[in-house]
Structures are given as structure tokens and as C-alpha cells.
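> Curious how this folds, go ahead:
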Amino acid sequence: MDEFPTDGSLLDYFKFDRQDAMQVTWSHGANSKAQLAEALASDVHMLEADILLRGQGTPAQSDIPVMAHPPQTDSDNTFEEWLDAALESSKGLKLDFKSIGAVAPSLRVLRSSRVNRPVWLNADILPGPNTANPGVDSRDFLDTVNRAFPECTLSLGWTTGFYYDRENEGYTRRMVEEMHSYCKELSQPVTFPIRNSLLGLPGTMENLKWLLSQSERYTITVWTSVFDVHRIYDLVRCRNAFSHKRVYYDLPKQQEDDFLQAMQRHGSKVNPLSFFPLERRDALLLMWSHETNSREKLIEALQRKSNIIEADVVLGDQNQPIMAKPTDTDYDVTFEEWLSAIMAADHDVGMKLTFHTTEAVIPTMTILRQNMSKIDFPVIINADVLAPSYDSGQPLDPDIVFKATYELFPNGVTTSIQFKGITVEGGMTREMARNAHALAQRLSSPVTFTIPAAVAMTSWLNVKWLLEQSDTYTLTLTEGQINIDPIDLFTIRNDFDWGRILYDITTEKATQLVRMTETGGSLVNFFQASYKIYGRDALSVTWAHGVNDREAIEDAMGAYREITMLEADVDIRSDNVPVMSNDASVAGSDVMTLEEWLDIAKLRKQGIMLEFHSVNSVVPALEIFQRRHGDLRSPVMLKAKIPGLFSKETFIDPIVDMFPHVSIVFAMRPASPSEGYSRAQVEEISRMCANLTQVVTFSVDARHVRGSWDNLSWLLGQSPLYHLYIWAGWPEPETYSVDVTDLVFVRNNFDHSRVYYDVTPDIMEKFKMALN
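Prediction:
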């Protein structure tokens with residue numbers, strides 16, 4: 001490899017075709033040997049890893065730098081080993097120091113190696129927004145770097161936090177001025193890591209502009225904490241506010257995809273999901289206000305800070321658009337007045353307009369055009385432009401409605417295609433879905449299909465087919481005239497990307513559905529929405545086992561970037577207290593109670609799977625879940641050997657009665673070593689599950705899957721809410737043996753979003769090699 005200065009520009013080193021820092025891609029937490037190997041095999045440009053001293057903060061602390069992120073204090077990878085492997089590649093290096101003590105010994109290793117690519121040295125050296133954490137000592141860090149390895153890019157950040165329950169602070173002028181006071185005399189290039197969720201807060205952009213104006217050596221690197229409330233559109237505004245060569249984006253892959261899509265759209269046609277600050281990539285979190293056709297309803301919607309405000313437009317006297325339906329005999333607000341109130345709102349808001357006549361389109365869009373410079377928020381234009389063959393009504397002409405919309409409002413909108421006269425009885429046929437797709441293909445704007453929820457439920461296969469024709473299509477579910485129960489929407493929600501279904505339903509029903517699917521929904525949907533995994537592939541869901549004590553929890557949480565599910569055991573103590581053990585009778589006095597365990601486990605957006613080992617532990621544990629339901633905001637799976645130690649009456653029925661919003665896991669045992677999972681066995685389980693509305697997961701031994709596939713696939717085919725959890729290698733990896741082509745067979749023959757693979761690292765490595 002050619003020589004390249006370690007303080008050189010990433011854009012020069014990677015020889016991009018344009019000076020755009022967004023092209024640089026990053027690994028995250030490539031600390032362990034397995035994580036590093038995965039990062040090296042990927043196409044990312046930069047290896048990012050964390051360094052601390054072995055045994056950091058413990059009596060066993062040494063002066064050997066190892067690759068780990070707190071609260072972990074050790075690793076299977078020393079920095080020297082990590083660097084040797086990294087230098088075999090052409091990737092750049094970003095080293096994140098988690099303690100000042102690790103800096104000098106690490107830089108000595110770096111100095112003694114022949115490094116011929118960009119090196120970034122990162123530390124949080126000043127306290128920043130929403131935290132009092134002082135970070136690494138600034139003078140000590142800078143003096144050590146300048147003495148031991150000055151030929152680098154310094155990545156100097158603020159410690160930061162994020163609050164869910166109160167207002168957050170952004171990057172203030174005092175913070176950026178203090179940072180500049182440390183950096184102005186430095187000779188190195190400096191990049192400032194900026195927490196994504198704080199970008200859009202008042203003053204942040206202006207203060208960062210000031211900071212970058214102080215030196216051409218300065219850049220910023222936007223990074224994401226997956227636990228924050230994010231707004232994708234803040235990234236777009238950042239992109240538009242700064243030189244493209246001076247802002248790096250270190251984002252999860254799913255968030256990067258959403259950002260790229262939002263970049264291509266003006267604010268008026270951006271996906272509402274990208275426009276509003278949301279805890280997850282989940283359109284169900286948006287709040288709607290419906291039929292705000294009166295002044296009173298409009299004011300109420302603005303006061304409750306609705307995200308999307310919906311109204312109807314018709315043509316009134318003197319060719320003036322008014323807010324009303326054709327059947328209304330009176331009105332008290334014109335469209336111009338209504339729009340003025342929307343634009344003057346003191347919070348972020350989007351709007352949805354429904355046209356009932358073509359005559360209202362041009363006058364309405366003319367008013368929108370006159371205010372185009374003020375409209376940097378989502379605009380959805382809805383109309384009945386198609387009709388089913390079983391309805392004799394006349395839909396609006398889409399060529400008139402949408403042609404006028406595009407010509408008069410060139411910034412663009414989201415087009416909502418709706419069927420006039422669609423009914424539950426008639427449903428959405430495949431022919432209707434094809435017609436909707438054909439129309440959407442002719443349009444130049446983003447498209448959402450607005451369908452009554454009751455129709456979508458009865459015609460889901462055709463609706464799903466329609467959505468699968470383009471990754472840009474979304475679905476808007478409305479209540480219509482038919483009352484719906486949130487439980488009825490549960491299957492749809494679990495069977496599709498949460499980011500592509502909008503719910504134009506009452507806030508009360510949306511809240512119920514959120515509650516049901518946060519703890520009891522599909523794992524892939526939840527973790528995709530939380531930016532923990534990319535796409536809807538259950539192979540990306542990872543598991544930590546035997547997380548029964550504090551040390552195991554902290555280890556798993558320290559590896560939060562790679563671990564999505566925590567597995568633990570529950571038994572009952574003699575005093576009727578649920579404890580974290582697979583056998584309470586032999587557990588020591590220091591065994592954690594379930595209450596204590598939840599106090600720690602609730603801190604991260606990782607899911608939990610708890611296996612019960614005694615019938616008497618179930619009801620006391622469920623009573624704790626009832627009390628602690630507010631703490632549980634991520635997937636909860638409850639597992640038991642059923643049929644076997646447990647029965648429907650001792651496990652399933654108490655869950656349904658006491659805490660139903662969970663996933664129920666059947667720990668299935670083979671009927672015999674030779675027979676595997678028999679037809680009689682799966683039919684018995686199917687009868688137990690017949691009336692369940694929960695996600696049900698069947699836990700099976702990988703050694704018996706291929707031979708039992710006809711029976712298992714029959715069982716999975718009984719409901720779209722049925723999932724498969726395949727385990728291999730646990731708990732005796734030394735003696736366990738499985739043919740990984742059996743796993744490949746399952747992968748090739750079933751929905752990737754419904755099969756989880758909890759296998760030992762060596763089996764996973766062989767499995768992935770076989771897939772490739």
C-alpha cells in the first residue's frame with residue numbers, strides 16, 4: 001500500500017469522485033475479534049473501536065490497552081492485536097478512548113507500528129448537553145497526543161445525554177466557544193462529534209456554523225445514539241446548512257437509507273415519519289387530528305400539538321375554497337384562514353387535504369403556491385381517484401387532480417390514492433391493487449394508499465402485494481365508518497415494516513396498539529424501527545444467554561450494539577419471590593430477584609426472553625410485570641416447556657389473563673430422537689394456540705428441524721403470528737453437532753422475518769459461510 005499521512009483527509013485517502021464526506025462509511029464497536037473480523041469483511045471505510053485498560057476501574061487493572069466499551073472491562077482483543085489485524089486491510093482507523101490511562105500506552109503501540117492510513121483519535125473532553133459527566137481530562141489528553149502521536153485527526157467531543165421526560169438542551173454558544181478555546185492553537189485537523197438527536201434543538205445549527213467558521217481545519221461528525229428521539233429531517237437541514245466536505249455522517253444503515261430518501265424530497269413531500277421527532281421509526285407514534293373543518297376543531301388540534309392535521313376542502317361561494325364536506329350546509333373557516341393557522345403553529349405540523357370535487361383543486365393549490373416558500377412541512381393530497389368494479393360511483397379524474405397539484409405546487413406533495421365506494425364485503429381485489437399500482441407508476445410524487453383498516457384486514461394479501469411493488473409506497477389505514485379493535489390491526493402491524501404504515505386512527509386506539517406491539521410484537525419490526533438492525537431479517541437478531549446476574553447484564557449491555565435480546569431464567573424462591581435462576585433451590589443468597597433484574601434491564605432498548613422453570617413462578621412474575629408495565633418498552637418473550645412441565649392452564653392462560661401483551665414461547669421437545677417433532681405434537685400445540693392473538697414462537701433444536709420440516713412448516717402456516725426460534729450449540733457447545741445445511745434449508749424455505757437463529761458463534765460462522 002502507498003504511503004499516506006496519518007493526519008491526511010479521508011476524502012483524499014479513499015479517492016472519492018467528489019468532495020463529499022457523506023460517502024465515508026463506518027463500522028461501530030469493532031472491538032472483539034469476531035466484531036473486528038466482521039467489520040474487516042464488510043465494505044465500510046472506517047474501523048471504529050473503543051479502548052480502555054484491561055480491568056479498568058477494578059483491582060485487577062493493568063496497563064494493557066484492550067478493545068472494549070464500558071461497562072465491560074476486558075476483551076479477547078488487545079489493542080496491539082487489533083491494530084495488527086486492522087493494518088492488513090486498507091481501512092481507516094478511529095480510536096475512541098474511554099479512559100485517559102489508555103491513551104499513552106495505546107499511542108506507543110501506534111507509534112511503533114507502520115501506519116499508512118488516516119488515524120482519528122477520539123475522546124469526549126468537555127461536558128456538553130444534558131449531562132454533568134466531565135469526560136476525559138482535556139489537557140491531559142491533548143498533551144499526551146501531541147507528545148506521543150501528533151500526526152492524527154483529533155475527534156474532540158462533548159459528553160452528552162438525552163432526556164425522555166423533560167426538555168433537552170442543544171449545543172450552546174458557551175460550549176462551542178469553550179471547545180474552540182482548546183482547539184484554536186492545535187495544528188491537527190479537528191472533527192467534532194455531534195449527537196444526531198440534538199441537531200434540531202434551538203441554537204445548535206447556528207452555534208455549529210460559528211464553530212466551523214473559526215477554522216478550515218474543523219469538521220463535524222454526526223453520530224446516532226439508537227436510544228434517542230430522532231428526526232431524519234434534521235439531518236437534511238444539516239446537509240443543506242454546511243459544506244458537504246465538512247460534515248461526516250456516522251449513522252446506522254437503516255437511518256442512512258431513510259436520510260438518503262429524505263434528501264431527495266422537499267419538506268412538503270417528505271415522509272412524515274422522517275419529518276417529526278420520534279422515539280422509533282414507527283408511524284404509529286404520529287398523532288392525527290381528523291376532520292378539522294371548523295375553527296374550533298382546528299384550534300383544538302393545534303393545542304394538542306397533533307402531528308398531522310386533516311381536513312376536507314370544497315369550493316364555496318365566489319370560487320373560494322372552504323373547509324367542509326359536500327354534505328355540510330355551513331362553514332366557519334376558509335382554506336386560506338385554515339392554512340394560515342397551520343403555518344403559524346408553534347410546533348412541527350403536517351397537513352392532509354381531501355378533495356371531494358375537481359373544481360376545488362386549482363383554487364386550493366393556487367393558494368398553496370402563493371405560500372410555497374413558507375411550506376417546509378409534509379403536505380398530503382387525498383382524493384377518491386379510483387373505484388372498485390363493484391361500486392357504481394364516479395371517482396375524481398386523477399389526471400385533473402394530480403396534474404393541477406404538480407403544476408401549481410412544484411415543490412411536491414405526497415399523493416394519497418383512495419378508492420371511492422370500497423367496502424369490507426367487496427374488499428380490495430388483486431385487480432384493484434394492480435390498478436392502484438399502475439396509477440402510482442404514472443405519478444411523480446411519493447404515494448400512499450389510503451384504505452379503511454377493516455378492508456385492509458380482510459384483503460391483506462392483496463394490500464401487501466401492492467406495497468411490495470415499490471419500496472417507496474406507504475399505506476394509510478383509516479377507521480372509516482366501521483369501528484375497529486386495535487387487536488384486529490395486530491397481524492398487519494406485525495407483518496410489515498413499521499415505517500411504511502400510517503395509522504389515521506384515534507389517539508386512544510393508536511396508544512393501545514403501541515402498547516401491544518412494543519412488548520408483544522415482532523422482534524424484527526421493533527429492532528428495525530429502533531435502528532438496531534437493518535431491514536426485516538431475523539438473522540440480525542442476536543442473543544445473550546444466562547443473563548441472570550448483574551455482571552452478565554452489564555456485559556450484555558456493554559455490547560448493546562451487537563446484542564438485541566437478553567435471555568434469562570426465572571424460578572420461585574421459598575418465600576414466593578421470583579428470582580433469576582434455573583433452580584432456586586440451589587441458588588446462592590446473592591441471587592437477583594426479578595424486580596432487581598428489571599431495574600437494570602429496563603435501561604436499554606434490548607428485548608428480554610425469560611424462561612420459567614417452575615409453575616409456581618408464573619403468577620408472581622406476571623404480577624410484577626403488571627406493576628412494572630411502564631418500565632417495559634421493548635419486546636418481552638415468556639418461555640416454558642409446554643407441553644411438558646407446563647400446560648395451557650398453568651402458563652398460557654395466566655399470561656392471557658394478567659399480562660397479554662407479550663410473545664409466548666413454546667420450548668418444544670422432540671417426540672423422540674429419531675422422530676423429531678411429530679405431526680401429533682404440532683397439532684396438539686396448534687390446538688393450544690387456536691384462540692391466541694399474541695405472537696407465538698416455537699423454540700426448536702436445530703438438529704431436528706430438517707427432518708421435521710413438513711410438520712413445523714405446517715404449524716407455522718396456521719398463522720402469520722407464528723414464528724420459529726432455532727437454537728444450536730447451547731448449553732453444551734463442545735459436544736453439540738449440527739449440519740448447517742439444515743439451517744440453510746430453513747432459510748431458503750421460509751419468511752426471513754419469522755425465523756430466529758440463536759446458535760453458538762462457531763455454528764453461526766459456518767452457517768453464514770454456507771449462505772455465501
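
> Which residues outside the strand or helix carrying Thr476 are in contact with it?
Per DSSP states H and E: Thr476 is located in strand 474-478. Residues external to strand 474-478 that are found in contact with it (C-beta atoms under 8 Å, 6 or more residues apart in numbering): 271, 283, 416, 446-453, 456, 463, 467, 489, 492, 496, 500-505. The way it works is simple: take the backbone N, C-alpha and C, and place the C-beta from them, glycine included.

> for stretch 292-309, same thing?
Outside stretch 292-309, the residues within contact range by C-beta under 8 Å, 6+ apart are 272, 276, 286-289, 291, 310-312, 323-325, 328, 331-333, 337-338, 341-342, 345, 347-352, 378, 380, 504.

> Please repeat the previous calculation with a cut-off of 6 Å.
Stretch 292-309 is contacted from outside by 276, 286-289, 311-312, 323-324, 332-333, 341, 345, 347, 350-352, using C-beta atoms under 6 Å, 6 or more residues apart in numbering.

> Could you do stretch 63-78 as well?
Contacts for stretch 63-78 (C-beta under 6 Å, 6+ apart): 29, 31-33, 49-52, 54-56, 58, 79, 82, 98, 102, 105-106, 554, 558.

> And stretch 387-400, what's buried?
If you call a residue buried by 16 or more other C-beta atoms under 10 Å, then stretch 387-400 has these buried ones: 387-388, 391, 395-396, 398, 400.

> meant to ask about stretch 46-55, not that
Neighbour count says stretch 46-55 has 46-54 buried, by 16+ other C-beta under 10 Å.

> try stretch 288-307
Within stretch 288-307, the residues that count as buried by 16+ other C-beta under 10 Å are 288-290, 292-294, 297-298, 301-302, 306-307.

> Nearest to Thr472, out of these: which one, please.
Distance to Thr472, by C-beta to C-beta, is smallest for Asn307 among the buried residues of stretch 288-307, at 20.6 Å.

> from the buried residues of stretch 288-307, which ones fall inside strands?
Those of the buried residues of stretch 288-307 mapping onto strands are 288-289, per DSSP state E.

> Where is pLDDT lowest across the buried residues of stretch 288-307?
The lowest pLDDT within the buried residues of stretch 288-307 belongs to His290, with 90.

> which SS class is the nearest residue to that one once chain neighbours are set aside?
Distances taken as C-beta to C-beta, 6 or more residues apart in numbering place Glu310 nearest to His290, at 5.2 Å, with adjacent residues excluded. Secondary structure, DSSP: H, G, I helix; E, B strand; the rest coil: Glu310 is strand.

> do the same with the one 4 residues further on
Under the three-state scheme (three-state DSSP), the conformation of Val314 reads as strand.

> If it is in a bridge, with which residues?
Applying DSSP bridges to Val314 yields these beta-bridge partners: Ile322.

> One more: Met609?
So, taking DSSP bridges as the rule, Met609 has Glu567, Met637 as bridge partners.

> quick one: it from Val700, how far?
15 Å (C-beta to C-beta, to the nearest Å).

> Could you do Pro321 as well?
60 Å.

> picking that back up, taking the contacts of stretch 63-78, please make a PyMOL selection of just the buried ones.
Selection of buried members from the contacts of stretch 63-78 for PyMOL, criterion 16+ other C-beta under 10 Å:
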select buried, resi 29+31+32+49+50+51+52+54+56+79+82+98+102+105+106+554+558
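
> residue contacts, the residue lying farthest from the centre of the chain?
Residue farthest from the centre of the chain, counting by C-alpha atoms, centre = their mean, is Gln318 at 49.2 Å. Applying C-beta under 6 Å, 6+ apart to Gln318 gives no contacts.

> circling back: tell me which entries of the contacts of stretch 63-78 lie within helices.
Residues of these located in helices (DSSP state H): 33, 79, 82, 105-106, 554, 558.

> So, low pLDDT: which residues of the protein?
Along the chain, segments meeting pLDDT under 70 span 1, 557-561, 602-605.

> these two touch, right, Val314 and Ala324?
Yes - counting by C-beta atoms under 6 Å, Val314 does reach Ala324; the two are 5.3 Å apart.

> returning to that earlier point: which members of the contacts of stretch 292-309 are classed as buried?
The buried subset of the contacts of stretch 292-309 (16+ other C-beta under 10 Å) comprises 276, 286, 288-289, 311-312, 323-324, 333, 341, 345, 350-352.

> Let me have those in TSV, extended by distance to Asp17.
Compiled in TSV, the buried ones among the contacts of stretch 292-309 are given as follows (distance: C-beta to C-beta, whole Å):
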residue	distance to Asp17
Phe276	34
Leu286	38
Trp288	43
Ser289	46
Ala311	47
Asp312	49
Met323	50
Ala324	54
Val333	52
Ala341	47
Ala345	42
Gly350	36
Met351	40
Lys352	40
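
> Could you identify the most distant pair in those?
Most distant of the buried ones among the contacts of stretch 292-309, by C-beta to C-beta, are Phe276 and Ala324, 27.7 Å apart.

> So which of the buried residues of stretch 387-400 is the closest to Thr564?
Distances from Thr564 to these, taken by C-beta to C-beta, are shortest for Pro388, at 42.1 Å.

> list the contacts for the closest one?
Contacts of Pro388 (C-beta under 6 Å, 6+ apart): 419, 422, 426, 432.

> Give me the neighbour count for the first one.
Spelled out, it's Phe419. Residues contacting Phe419 under the criterion other C-beta atoms under 10 Å number 24.

> check contacts around it.
386, 388.

> What's the separation between Asn146 and Asp583?
Taking C-beta to C-beta, one finds Asn146 at 57 Å from Asp583.

> now swap in Ala440 and tell me
58 Å.

> quick one, which of these two is more surrounded?
Taking other C-beta under 10 Å, Ala440 and Asp583 do not tie; Ala440 has more neighbours (20 against 10).

> isn't there a helix covering that one?
Yes - counting by three-state DSSP, Ala440 is located in a helix.

> Apart from its chain neighbours, what residue comes closest to it?
Val447 (4.3 Å).

> again with Gln418
Among residues not flanking Gln418 along the chain, Thr450 sits closest, at 4.4 Å (C-beta to C-beta, 6+ apart).

> what do you get for Arg669?
Gly644 (6.1 Å).

> where's the one you found, which helix or strand?
Here Gly644 is assigned to no helix or strand, by DSSP H and E.

> That one and Pro620, how far apart?
Taken as C-beta to C-beta, the span from Gly644 to Pro620 is 21 Å.

> repeat for Tyr13
Counting by C-beta to C-beta - Tyr13 and Pro620 are separated by 59 Å.

> So which of the two has more stuff around it?
Tyr13 (18 against 15).

> Show the contacting residues for that one.
Contacts for Tyr13 (C-beta under 6 Å, 6+ apart) come out as 4, 118.

> same thing but at 10 Å, please
Contacts for Tyr13 (C-beta atoms under 10 Å, 6 or more residues apart in numbering) come out as 2, 4-5, 24, 45, 90, 92, 116-118.

> can you tell me how far it sits from Arg117?
Separation of Tyr13 from Arg117 (C-beta to C-beta) stands at 6 Å.

> Need the overlap of contacts for the two.
Overlap of the contact sets of Tyr13 and Arg117 (by C-beta under 10 Å, 6+ apart) consists of 2, 4-5, 90, 92.

> Please flag which of the buried residues of stretch 46-55 sit within strands.
Those of the buried residues of stretch 46-55 lying in strands (DSSP E): 46-53.

> For these, give me a markdown table that also has distance to Tyr534.
Shown next, in a markdown table, are these (distance: C-beta to C-beta, whole Å):
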| residue | distance to Tyr534 |
| --- | --- |
| Met46 | 18 |
| Leu47 | 19 |
| Glu48 | 17 |
| Ala49 | 20 |
| Asp50 | 22 |
| Ile51 | 26 |
| Leu52 | 28 |
| Leu53 | 33 |
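
> okay, now Pro446: neighbour count?
For Pro446, the neighbour count with other C-beta under 10 Å is 23.

> So the residue nearest to His290 is in contact with Ser289, correct?
Yes - contact criterion C-beta atoms under 10 Å: Glu310 and Ser289 qualify, at 6.5 Å.

> circling back: out of the shared contacts of Tyr13 and Arg117, which is most surrounded?
Busiest of the shared contacts of Tyr13 and Arg117 [other C-beta under 10 Å] is Gly92, holding 24 neighbours.
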